[in-house]
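Undergrad: could you look at this predicted model? Sequence included:
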Amino acid sequence: MVYNLAKTGAQIDAIHTKVDGIEASADVTDATNVAAAGGVLNTGNETIAGVKTFSSSPVVPAPSTDLQAATKKYVDDNAGGSPEGTAVLSTGETVGKVLQADGDNTCSWVTLAGGGDALTANPLSQFAATTSAQLAGTISDETGSGALVFATSPTLVTPLLGTPTSGVLTNCTGTAAGLTAGAVTNGVVTTDNLSVMAATTSAQLAGVISDETGSGSLVFGTSPTLVTPALGTPASGVLTNCTGTAAGLTAGAVTNGVVTTDNLSVMAATTSSQLAGVISDETGSGSLVFGTSPTLVTPALGTPSSGVLTNCTGTASGLTAGNVTTNANLTGHVTSVGNAAVLGSFTKAQLNTAVSDATVATTAGTETLTNKTIAAGDNTATIFTEKHASSHTLSAAECYGAVYYVTAAATLTLPAVADGMHLTVITIGAVAVSVDANASDLIYLDGTALDDGDKITNLSTAGDIAVLTYYDATGWHASTNGWSDGS
């Protein structure tokens, strides 16, 4: 036992404690006494608590049960060789994992990517779906390319068949270049003429010819009937019985004939009627028309792009006039048949210029009329009257010579004042009536100016009257029987 001199007292006390635990005259070979003293016997079964560190590896016998210790040599001898790094037990791992060297002197149990190993005893169905291109990538001696071929109804693209032992080419098409035919049943060889073939129609023959021209029936040399043939340049030909027009034909020597390079002057004198007889799309009838000073009889001119009608007479029935140039020098009266003509808008000055025997007056404005008679049966002006039983806003047209009879409480609102306006308001019955001026106009009530926009109010007695006339641009004048400012 090694003692630390600095702690000798404590160590002696610990020994005393252990010795005190041993009974007097105790048997030092007894396991209980040895354990109480903190010792271990060489023989027998004992449980040792705590971590015990050996200065050299202990020697143990070969294990006989699962939990017994084993030496490295025992493990090496029974594991089939020396493992790399530390041995890893598969205890607790799921079935199918493999032991992998991790490169750091350790190993671990892992699951292979892809679902595990392929077994030679299993068919290819153990693999995932594989494309033809993927399969071709794993084959080193394939022939051709494209899709994998199976025996029933494959589609081959330009295959080299070699020398097949058998084959039925019933549905094959194309040209068998370089094919040597053996015994052919009901066949034709190149040494036969066409007479060995069955009767063939022109259409069937055309179906096997690749450079024919035209269509229809097969043509032979004697008396064929050709339909619109393009003859090219025949070496000879007699056209005695030919009809129609030889469009584009270049004529040689022609007796008493005309060729397309001639103009019409080579023809005999021709009348307008004769010329019309050879034209199929003419319009009108009569004499041929040339450009200078022709005489046309009732022509339909359509829409000419220009024209000067200075010398034209008659009535242009249905004519729609566009813009007429000023000073058009029209003579006589311009009349309109049917719908009234729309002349556009004119000023009073323009009308005075156009009227040569009078001065034009207007319905509005200040003008002096001399010796004018009012067109009425009794030579009096006609005015209009209206009755109102409720408030009403007057238009400008309602303020020229109107008389308004008001039969119930109401307000008449005036428009903006204008030259020539005048109206009369009379109450029927003892009703309260007001006349309201426009906001920018004032009323001169019985000679006294009110404020802009002020209204006048009656006495609420029967027969109250107010006569309103245009005074000036500032407003109205009202002559009343005692109306007041209604503000």
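TA: Sure thing, it's come through.
Undergrad: strands of this protein, start to end?
TA: Shown for the chain, the strands assigned by DSSP state E span residues 98-101, 107-110, 384-388, 392-393, 400-406, 410-413, 422-427, 433-436, 442-445, 448-449, 455-457, 465-472, 475-480, 484-485.
Undergrad: out of those strands, the one nearest residue 312 is which?
TA: Closest to residue 312 of the strands of the chain is strand 400-406 (Cβ to Cβ; 47.0 Å). All C-beta spots, glycine's among them, are computed from the backbone N, C-alpha and C.
Undergrad: picking that back up, can you add mean neighbour count and give the strands of the chain back as TSV?
TA: Output for these, formatted as TSV (neighbours: other Cβ atoms under 10 Å):
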stretch	mean neighbour count
strand 98-101	13
strand 107-110	14
strand 384-388	13
strand 392-393	13
strand 400-406	18
strand 410-413	18
strand 422-427	20
strand 433-436	23
strand 442-445	22
strand 448-449	12
strand 455-457	21
strand 465-472	18
strand 475-480	21
strand 484-485	13
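Undergrad: ok, which of these comes nearest residue 48?
TA: Short answer: strand 107-110, nearest of those by Cβ to Cβ, at 31.9 Å.
Undergrad: in its sheet, what does that closest one sit against?
TA: strand 98-101 (antiparallel) (DSSP bridges).
Undergrad: average pLDDT for the strand it pairs with, rounded please.
TA: For strand 98-101, mean pLDDT rounds to 79.
Undergrad: would you mind writing the CA trace of it as PDB?
TA: Provided in PDB are the C-alpha atoms of strand 98-101 (Å, rounded to 0.1, in the frame of the first residue of the first chain):
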ATOM      1  CA  VAL A  98     -24.600  -4.400 -44.600                       C
ATOM      2  CA  LEU A  99     -21.400  -3.600 -42.700                       C
ATOM      3  CA  GLN A 100     -19.600  -0.600 -44.200                       C
ATOM      4  CA  ALA A 101     -16.000   0.600 -43.500                       C
END
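Undergrad: now do the same end-to-end measure for stretch 44-62.
TA: 18 Å (Cα to Cα, to the nearest Å).
Undergrad: one more: stretch 219-231?
TA: 14 Å.
Undergrad: which other residues reach that stretch?
TA: 214, 216, 237 (Cβ atoms under 8 Å, 6 or more residues apart in numbering).
Undergrad: I'd like to know how many residues surround the closest residue in space to residue 485 that isn't next to it in sequence.
TA: Nearest non-adjacent residue to residue 485, counting by Cβ to Cβ, 6 or more residues apart in numbering: residue 450, 5.3 Å away. The tally of other residues near residue 450 (other Cβ atoms under 10 Å) stands at 20.
Undergrad: so residue 450 makes contact with residue 486?
TA: No: in terms of Cβ atoms under 8 Å, residue 450 does not count as a neighbour of residue 486; the distance is 9.1 Å.
Undergrad: for those two, list the residues in contact with both.
TA: Common neighbours of residue 450 and residue 486 (Cβ under 8 Å, 6+ apart) are residue 456.
Undergrad: middle-most residue in this structure, spatially?
TA: residue 131 (40.0 Å; Cα atoms, centre = their mean).
Undergrad: and the pLDDT for that residue?
TA: pLDDT, residue 131: 92.
Undergrad: picking that back up, among the strands of the chain, which comes closest to residue 123?
TA: strand 98-101 (22.8 Å).
Undergrad: do you know how far the residue nearest to residue 69 when sequence neighbours are not counted is from residue 40?
TA: Spatial nearest neighbour of residue 69, excluding adjacent residues (Cβ to Cβ, 6+ apart): residue 60 at 5.0 Å. Going from residue 60 to residue 40 by Cβ to Cβ, to the nearest Å gives 16 Å.
Undergrad: thank you kindly, that will do.
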